[in-house]
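Chemist: Predicted model, plus sequence, below.
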Amino acid sequence: MTEIVELKATGDDAIEWRRLVDSFPSARRDIHYTPQYHQIYEQTYGQQSSLFVFQSAGNTIVQPVVRKVVPPELTGDCNERRLDLESVYGFGGPLATNPVSHQQAKDYNLAFCEYQRSVGAVSEYCQLHPLLLEHQTPLLSESCEKSLRKQCVFIDLSQSLTDLWSSIHERQRKAVAVAKRRGVKVRRLEATDEQLDQFRAMYSATMVRVNAAESWHFPDTYFRSCRDCLGEQKVSLFAAEVDGGIGGYFYLLHEYDTCYYHFAATDPAFNKFNLSSLLLFETLLWAKVQGYKNYFLGGGRSSEEDDSLLKFKSSFSQTKSPLLVYQRILNDECYHGLEVQKVRREKADGYLPKIHNYFPVYRR
């Protein structure tokens, strides 16, 4: 059987990693699969990322993975290093250059799991890419327990401007018109340290105001790292200005065929100006002019259908794709041993877990 090759996200490995991603058909290339994107999280959190490569009968299968060491306080008396595997913030999962046969998928999963077990991996959790699902799901093994996390919205930018405008809900078309009448201007800013710091301050305040989950809060250096790792040509900071003051921002990441509405921030003092509506409209026009095929808006802050952020995004496009996640246990004996220790400690401490289906259990 062909063996797994592991590439790191830095040094000479990063060059080969990038070459492999660039060699994929255009419809299967994505910024989340590049070493530069993974470098953001290595810089910000000290995470270790690797690309695992499997060659089979003219087909190349790759999977970027973040490895996290299981802390000693969770492993107990075990002297061996234990690891958990995750996809990077955003999306990950396996991807192949060409359609795979059942045997190729089986061989890949066997080689991948054997390799990960050999270096101490216990479990794996992964968010698949909503725009790449048709290419990814044939690569998943039966041991992957899949579930739906939420729906994600995206805009097909190959439509004509007339069709794009007509697909936007009437209330948003009115909101865009009102914003323009009130003098709101949207412009792309140079992503300098000063501009990014101003965006970060408003973004942090926005996340506190909407009571966002911890995963939406980032260290002070994060937004600069996005620019520094990806390059200034692959990030765009847009601001909505009213009478010379900035009332809102969109921070976009873009490469290959897709532009991502990655982060947004608003000042509630400017709510009456419909800044977010105009920002989304102007940035989708910008993305279309730049030649991107998709403008990915993502989902809501929760999985609920009445989520206010999801409703806002859906008012610009009814086109959705599911965000699927999968989890699997790579080392049953070790996993269940860690689970038993965790439950024992929880009982001793009188702790009642709020989330009973958390995976892996020993990290809840």
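Modeler: Perfect, thanks for sending it. Computed from a predicted structure; not experimentally measured.
Chemist: Quick check: residue 278 touching residue 180?
Modeler: Yes: in this structure residue 278 lies within contact range of residue 180 using C-beta atoms under 8 Å: 6.9 Å. In short, each C-beta sits where N, CA and C put it, glycine included.
Chemist: More neighbours: which of the two?
Modeler: Between residue 278 and residue 180, counted using other C-beta atoms under 10 Å, residue 278 has the larger neighbour count: 23 against 15.
Chemist: residues making contact with the lowest-mean-pLDDT helix or strand in the chain?
Modeler: One helix or strand of the chain scores below all others by mean pLDDT, DSSP states H and E: helix 72-75, with a mean of 79. With contact meaning C-beta atoms under 8 Å, 6 or more residues apart in numbering, helix 72-75 is reached by 82, 338, 341-342, 362-363.
Chemist: measure residue 259 to residue 287 for me?
Modeler: 4 Å (C-beta to C-beta, to the nearest Å).
Chemist: where are the low-confidence patches of the protein?
Modeler: The model of the chain has pLDDT under 70 over residues 1, 76-79.
Chemist: residue closest to the middle of it?
Modeler: With distances taken as C-alpha atoms, centre = their mean, residue 90 lies nearest the centre of the chain, 0.9 Å away.
Chemist: my read is that residue is in a strand, agree?
Modeler: No: using DSSP: H, G, I helix; E, B strand; the rest coil, the assignment for residue 90 is coil, not a strand.
Chemist: Quick check, it in contact with residue 126.
Modeler: No: the criterion here is C-beta under 8 Å, and residue 90 misses it with residue 126 at 11.3 Å.
Chemist: re the thing from before, which one of the contacts of helix 72-75 is nearest residue 23?
Modeler: Distance to residue 23, by C-beta to C-beta, is smallest for residue 82 among the contacts of helix 72-75, at 34.0 Å.
Chemist: got the contact list for residue 208?
Modeler: So residue 208 contacts nothing (C-beta under 8 Å, 6+ apart).
Chemist: which SSE is it in?
Modeler: helix 193-209 (DSSP states H and E).
Chemist: Mutual contacts of residue 259 and residue 287, please.
Modeler: 157, 252, 295.
Chemist: The second one: what secondary structure?
Modeler: Using three-state DSSP, the structure places residue 252 in strand.
Chemist: got the residue ranges for the helices in the chain?
Modeler: Assigned by DSSP state H, the helices in the chain fall at 11-22, 35-45, 72-75, 102-118, 133-136, 161-167, 170-181, 193-209, 222-230, 275-289, 308-314, 332-349.
Chemist: and residue 248, which of the ones you listed is closest to it?
Modeler: Using C-beta to C-beta, the helices of the chain put helix 275-289 closest to residue 248, at 3.9 Å.
Chemist: got the angle between that closest one and helix 170-181?
Modeler: Orientation note: helix 275-289 sits at an angle of 90 degrees relative to helix 170-181 (axes from the mean of the first three to the mean of the last three C-alpha atoms, to 10 degrees).
Chemist: Skipping adjacent residues, who's closest to the residue nearest to the centre of the chain in space?
Modeler: Take residue 90 and drop its neighbours on the chain: the residue closest to it by C-beta to C-beta, 6 or more residues apart in numbering is residue 32, 4.8 Å away.
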